[in-house]
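Novice: Quick one, what's the 3D model for this:
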Amino acid sequence: MTGGDSAKERRQIVIVGIVTALTLFGDSMLYIVLPVYWKEAGLDALWQVGVLLSVNRLVRLPLNPLIGWLYHRMSLRTGLFMSVGLAALTTVGYGIFKGFVLWVALRAIWGIAWSLLRMGGFLTVIRYSDDTNRGRFMGTYNGLWRLGSLVGVLFGGLLVPMIGLSAVSILFGIMALIGLPLIAVSISKGKASGTHQLDSPRGVRNTVWSLQVKKIVISGLMISLLHAVFGATLTYLIDTSHPSGIPWFGLIIGSTALGGVLTALRCAWEPFLASWFGHHTDGPRGRLPLFMVSLAGAAAGYALLPWQLPIGIWIGIVIFVMITSTALGTVMDAMASDAAKKTSVITVMTAYSVSTDLGAAIGPTLIYWVVGLQYGMTSMYLACAAVFIGIGLWYWQDGTRKGRRVLGEEADIS
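Specialist: Sure, this is the predicted structure:
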């Protein structure tokens, strides 16, 4: 791939990342404003907020295989068009429709839109990348779409108190439609899996589920579960450690405010840090060294998080854990894409999407099931640290085998 070709491919991936970010404005806004402005949505009780914020994830679990099946039979361009249209429809719908039942339907449709978008993003990176830049391009894509979450959280939280939930929802929905012309001019027609076969040949079908693919699917589930545990309990940890608030230059910052600032900080660094991590793994050393270091760092961070520590040190640990999350998410996505490129693109990425969605759904449920027990939070975080170490030991075998293979090749040459 020449320098000019590389720039063109990167531009197409950047455009799809921007399109994905535009569709996320409305969804991300709801996580901040709906717990406060739920009556504006026509809801009757606060428990309905929890259902609405989770139903989109639940519908993705059975839908991801269907989305993969659809991408077998339609072009990448068509899938992205559908996803943007559905995302815009649901976001505008937040501003037009009232009531719990209608909002459940809207959130379920958003789940379909996000599944189409996420799979479309994976396939875009795989189509327009090679082994020399796939990690960097995956980091670029992931970082850009996370900016959509940042905009939704910050501007949604600012504008809704000023002009209302309905007006902001319609505005964000209209902005999502900007993605349609961007897709039209950037994504060419053609099968979703690019130059690769949509279906593996009959005799090769069993080789799709190699040990490498199985490890990636299982690791994706476990790491997304562990990250979901952290995301679901960040403000809880702050609140239980500092129930009266955190002093900062004469002000008292609450747990939700600090949690929001830390989350926004991660969204802000993602486009730069994720791309850098991905680029670092595209080199001759491969993805395993950074993956192993990130697992070890995450294990250490999780083991320290539930303890009473000075607030400055504790916030430093939180930021460090978030950095390891950025690294692990980028490297895992790149590793999944590597495996998919070698076998069956849509089949592998569908399985990977299902496993990561399942982990994200299990994590919050699991942690809040034990949080009320004595030492429940501490035990859970120490268990999470142990799982990170276990994943690292599982992959350590790959590194030692590769090292022995390289030494053997050098001996043959000499």
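
Novice: Okay, and Pro35 sits in which element?
Specialist: Per DSSP states H and E: Pro35 is located in neither a helix nor a strand.

Novice: Show me the strands in the stretch 151-300 of the chain, by range?
Specialist: Assigned by DSSP state E, counting those that start in this stretch, the strands in the stretch 151-300 of the chain fall at 246-248, 251-253.

Novice: these two touch, right, Thr20 and Leu116?
Specialist: No - with contact defined as CB atoms under 8 Å, Thr20 does not reach Leu116; the gap is 10.5 Å. (Glycine included, C-beta is placed from N, CA and C.)

Novice: Looking at these two, which one has more neighbours?
Specialist: Of the pair Thr20 and Leu116, Thr20 is the one with more neighbours under other CB atoms under 10 Å, namely 27 against 24.

Novice: The protein: helices as residue ranges?
Specialist: Ranges of helices in the chain, per DSSP state H, are 3-33, 47-73, 76-96, 100-127, 134-163, 165-176, 179-186, 211-241, 255-281, 288-304, 311-342, 345-370, 376-413.

Novice: Reformat those as a markdown table; add distance to Ala41.
Specialist: Shown next, in a markdown table, are the helices of the chain (distance: least, CB to CB, whole Å):
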| stretch | distance to Ala41 |
| --- | --- |
| helix 3-33 | 9 |
| helix 47-73 | 8 |
| helix 76-96 | 7 |
| helix 100-127 | 6 |
| helix 134-163 | 11 |
| helix 165-176 | 7 |
| helix 179-186 | 25 |
| helix 211-241 | 22 |
| helix 255-281 | 20 |
| helix 288-304 | 35 |
| helix 311-342 | 30 |
| helix 345-370 | 22 |
| helix 376-413 | 32 |
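
Novice: Nearest to Glu40 among these would be which one?
Specialist: Comparison of the helices of the chain against Glu40 by CB to CB identifies helix 165-176 as nearest, at 4.4 Å.

Novice: List the buried residues in that closest one.
Specialist: For helix 165-176, a neighbour-count test (16 or more other CB atoms under 10 Å) marks 165-166, 168-173, 175-176 as buried.

Novice: got a list of contacts for it?
Specialist: Here helix 165-176 makes contact (CB atoms under 8 Å, 6 or more residues apart in numbering) with 22-23, 25-26, 29, 33, 37, 40-41, 84, 87-96, 152, 156, 159-160.

Novice: So what would you say the end-to-end distance of stretch 172-180 is?
Specialist: The straight-line separation of the ends of stretch 172-180 (CA to CA, to the nearest Å) is 14 Å.

Novice: distance between that stretch and the chain's centre?
Specialist: 21 Å (CA atoms, centre = their mean, to the nearest Å).

Novice: now do stretch 338-356
Specialist: 15 Å.

Novice: Using CSV, write out every CA atom in it.
Specialist: Only the C-alpha atoms of stretch 338-356 are listed here, as CSV (Å, rounded to 0.1, in the frame of the first residue of the first chain):
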residue,chain,number,x,y,z
ASP,A,338,-6.4,-10.0,12.4
ALA,A,339,-8.0,-13.4,13.0
ALA,A,340,-11.1,-12.5,11.0
LYS,A,341,-8.9,-11.4,8.0
LYS,A,342,-7.3,-14.8,7.9
THR,A,343,-10.5,-16.8,8.1
SER,A,344,-14.1,-15.6,7.7
VAL,A,345,-14.5,-11.8,8.3
ILE,A,346,-18.1,-11.6,9.2
THR,A,347,-18.4,-14.9,11.1
VAL,A,348,-15.5,-14.1,13.4
MET,A,349,-16.4,-10.4,14.0
THR,A,350,-20.0,-11.4,14.7
ALA,A,351,-18.9,-13.9,17.3
TYR,A,352,-16.6,-11.3,18.8
SER,A,353,-19.3,-8.7,18.9
VAL,A,354,-21.7,-11.1,20.7
SER,A,355,-19.1,-12.0,23.3
THR,A,356,-18.2,-8.4,24.1
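
Novice: which regions of the stretch 151-300 of the chain sit below the pLDDT cut-off?
Specialist: Within the stretch 151-300 of the chain, the ranges that satisfy pLDDT under 70 run 190-207, 242-245, 247-252, 254-256.

Novice: If we use 90, what do you get?
Specialist: Applying pLDDT under 90 to the stretch 151-300 of the chain picks out residues 151-162, 185-213, 228-268, 270-272, 280, 283-286.
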